[in-house]
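Engineer: just coords:
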């Protein structure tokens with residue numbers, strides 16, 4: 001097989017008969033799009049098995065279709081290549097395999113024949129799974145586990161499409177950004193971010209991602225113009241992380257998120273840089289599942305910084321807090337998370353009691369270090385949350401539940417003069433029906449419940465407060481039946 005590959009010509013189709021083949025390398029094979037090379041199976045019901053790594057370097061217009069590839073480390077490694085298509089394959093580890101880095105790893109567009117800004121890779125319709133690993137430990141991962149399903153890193157270029165895949169059993173299902181925390185970090189003052197980092201224009205949609213010990217989609221790193229839509233995310237520790245993500249924008253639209261263990265969306269990391277420009281529209285989030293671990297549906301932590309995070313028309317059905325924020329008590333001003341604009345979301349906590357428990361925690365500020373002037377902004381009702389985020393200069397304290405304001409002071413922290421949050425928000429039970437999405441039979445019933453599928457379509461009932469209640473967003477919810485668009489996916 002390797003000899004055949006070494007002598008490939010434009011337009012060749014390599015048809016593999018059933019059997020087991022060693023891993024192979026495709027190096028410096030560049031073809032026009034109309035004359036690319038295809039590796040495929042003679043019989044899709046009895047696929048050939050590639051046992052070992054498939055390596056693609058410095059090549060263009062290569063397609064892998066209908067194969068079964070397995071390895072104990074990285075299965076398909078694409079480096080410095082353009083327009084590589086990985087379609088309709090079974091990509092797994094094998095029994096007894098030691099933990100690997102990634103099932104599919106894409107890197108170094110700067111070494112590619114077409115230059116650093118072009119990637120153009122397509123990953124579509126694959127079943128990607130770590131089938132053999134130790135049982136998951138809650139918020140602790142698993143031994144012998146491949147970490148990534150799909151990972152991009154080290155300058156990934158643009159125009160990757162990840163669609164219609166099933167990914168399970170790994171730590172992170174999809175990690176598209178790359179170069180997390182790598183210098184130079186990009187701030188708002190940088191004029192042309194893609195001159196520094198070519199990571200841009202990625203589409204992640206129509207995927208079923210579930211049973212991961214860490215994140216379903218970890219966007220952490222550099223990316224410009226990302227789109228995440230119509231995905232089903234089930235039973236992940238964290239469903240979506242932006243920790244950190246720069247410079248954006250990222251559009252997160254109409255995703256179904258169920259059964260998260262820790263957070264549905266995380267803005268938290270110790271890595272430097274400012275996460276910014278995230279637009280979270282029309283998503284449906286339904287409860288995390290492990291009491292004592294589930295922090296909140298939306299979590300903002302320190303020392304991460306974030307700015308310009310927009311929420312509209314989401315259903316946030318939380319097992320614990322709806323919004324959670326941990327801010328350092330020794331900070332003179334709350335400068336970690338600024339210009340967040342959340343509105344017209346339907347929110348609910350299935351375990352907390354309004355007027356008693358903290359359902360919304362928006363921060364903690366120790367103003368100028370003056371004793372007795374701490375500002376822990378915890379709120380037990382939506383009405384309190386709306387009022388006090390609209391008047392951030394008034395002091396507010398809490399010990400678990402909300403307390404009345406102690407002192408009405410004017411502070412000089414400019415970022416505290418924030419946009420009022422959820423002025424048109426709704427706090428009510430979503431009253432929706434859950435329709436289970438079956439997983440792949442071979443891994444849908446593993447021995448530990450934390451790894452089961454848990455992916456659903458959530459459909460509001462006829463009496464749901466989500467019906468006809470969405471704020472209209474041009475280009476997002478223009479097509480609807482009834483008097484208005486519905487909130488949620």
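Structural biologist: Everything's here; your move. Because the structure is predicted, anything quoted here is derived from the model rather than measured.
Engineer: Any idea how far stretch 202-217 is from the middle of the chain?
Structural biologist: 6 Å (Cα atoms, centre = their mean, to the nearest Å).
Engineer: Helices of the stretch 301-450 of the chain, residue ranges please.
Structural biologist: Assigned by DSSP state H, counting those that start in this stretch, the helices in the stretch 301-450 of the chain fall at 382-390.
Engineer: Where does pLDDT dip in it?
Structural biologist: In the prediction, the stretch 301-450 of the chain carries residues with pLDDT under 70 at positions 302-303, 326-336, 363-377, 391-419, 437-450.
Engineer: quick one, strands of it?
Structural biologist: With DSSP state E, counting those that start in this stretch as the criterion, the stretch 301-450 of the chain has strands at 305-312, 315-318, 321-325, 337-338, 341-343, 346-349, 360-366, 374-379, 398-399, 401-402, 426-427, 432-436.
Engineer: Partner strands of the longest one, with direction?
Structural biologist: On the basis of DSSP bridges, the sheet neighbours of strand 305-312 come out as strand 274-281 (parallel), strand 337-338 (parallel), strand 341-343 (parallel).
Engineer: Kindly reformat these as a markdown table containing mean neighbour count and distance to residue 213.
Structural biologist: For glycine as for every other residue, the C-beta is placed from the backbone atoms N, C-alpha and C. Formatted as a markdown table, the entries for the strands paired with strand 305-312 read as follows, by neighbours: other Cβ atoms under 10 Å; distance: least, Cβ to Cβ, whole Å:
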| stretch | mean neighbour count | distance to residue 213 |
| --- | --- | --- |
| strand 274-281 | 23 | 23 |
| strand 337-338 | 22 | 27 |
| strand 341-343 | 19 | 29 |
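Engineer: Of those strands, which is nearest residue 322?
Structural biologist: Between residue 322 and the strands paired with strand 305-312, the shortest separation by Cβ to Cβ is 9.8 Å, and it involves strand 341-343.
Engineer: Show residues contacting that closest one.
Structural biologist: For strand 341-343, the external contacting residues (Cβ atoms under 8 Å, 6 or more residues apart in numbering) are 308-312, 323, 419, 421-425, 471.
Engineer: are any of these buried, and which?
Structural biologist: 308-312, 323, 421-422, 425, 471 (16 or more other Cβ atoms under 10 Å).
Engineer: now, among these, which is nearest to residue 94?
Structural biologist: Proximity of these to residue 94, judged by Cβ to Cβ, is greatest for residue 309, which lies at 41.5 Å.
Engineer: Bridged to the closest one, which residues?
Structural biologist: In this entry, residue 309 is beta-bridged to residue 278, by DSSP bridges.
Engineer: Do I have it right that it meets residue 278?
Structural biologist: Yes. Residue 309 is in contact with residue 278 according to Cβ atoms under 8 Å; the separation is 4.8 Å.
Engineer: ok so, going back, and of the contacts of strand 341-343, the nearest to residue 298?
Structural biologist: Distance to residue 298, by Cβ to Cβ, is smallest for residue 323 among the contacts of strand 341-343, at 5.0 Å.
Engineer: any idea how far the closest one is from residue 267?
Structural biologist: For residue 323, the distance to residue 267 under the criterion Cβ to Cβ, to the nearest Å works out to 11 Å.
Engineer: Touching both of the two, which residues are there?
Structural biologist: Any residue near both residue 323 and residue 267 by Cβ under 8 Å, 6+ apart counts here, and that gives 298, 300.
Engineer: re the thing from before, now the strands of the stretch 301-450 of the chain in TSV, with distance to residue 116?
Structural biologist: Compiled in TSV, the strands of the stretch 301-450 of the chain are given as follows (distance: least, Cβ to Cβ, whole Å):
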stretch	distance to residue 116
strand 305-312	27
strand 315-318	39
strand 321-325	37
strand 337-338	32
strand 341-343	34
strand 346-349	43
strand 360-366	39
strand 374-379	44
strand 398-399	49
strand 401-402	51
strand 426-427	46
strand 432-436	43
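Engineer: Looking at these, which is nearest to residue 112?
Structural biologist: Nearest to residue 112, of all the strands of the stretch 301-450 of the chain, is strand 305-312, at 32.0 Å by Cβ to Cβ.
Engineer: How much space separates residue 150 from residue 105?
Structural biologist: Distance from residue 150 to residue 105, counting by Cβ to Cβ: 8 Å.
Engineer: Specify which residue of those two has the higher count of neighbours.
Structural biologist: Relative neighbour count places residue 150 above the other of residue 150 and residue 105, with 29 against 23, counting by other Cβ atoms under 10 Å.
Engineer: What residues does that one make contact with?
Structural biologist: Taking Cβ under 8 Å, 6+ apart as the test, what residue 150 contacts is 102-104, 106, 123, 128, 162, 165, 167, 173-176.
Engineer: go with 6 Å
Structural biologist: Neighbouring residues of residue 150 by Cβ atoms under 6 Å, 6 or more residues apart in numbering: 104, 123, 174.
Engineer: Verify the contact between residue 238 and residue 264 for me.
Structural biologist: No. With contact taken as Cβ atoms under 6 Å, residue 238 and residue 264 are classed as non-touching, separated by 7.6 Å.
Engineer: Compare the two (neighbour count), which wins?
Structural biologist: The residue with more neighbours, out of residue 238 and residue 264 and counting by other Cβ under 10 Å, is residue 264; that gives 32 against 26.
Engineer: Make TSV out of the contacts of strand 341-343 and add distance to residue 156.
Structural biologist: Written out in TSV, the entries for the contacts of strand 341-343 read as follows (distance: Cβ to Cβ, whole Å):
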residue	distance to residue 156
308	24
309	23
310	25
311	28
312	29
323	32
419	33
421	34
422	36
423	39
424	38
425	37
471	34
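Engineer: tell me the mean pLDDT over stretch 209-219?
Structural biologist: Per-residue confidence for stretch 209-219 averages out to 89 on the pLDDT scale.
Engineer: End to end on that stretch, go ahead and measure it.
Structural biologist: Terminal residues of stretch 209-219 are spaced 14 Å apart (Cα to Cα, to the nearest Å).
Engineer: buried residues in it?
Structural biologist: In terms of neighbour count (16+ other Cβ under 10 Å), stretch 209-219 has its buried residues at 209-219.
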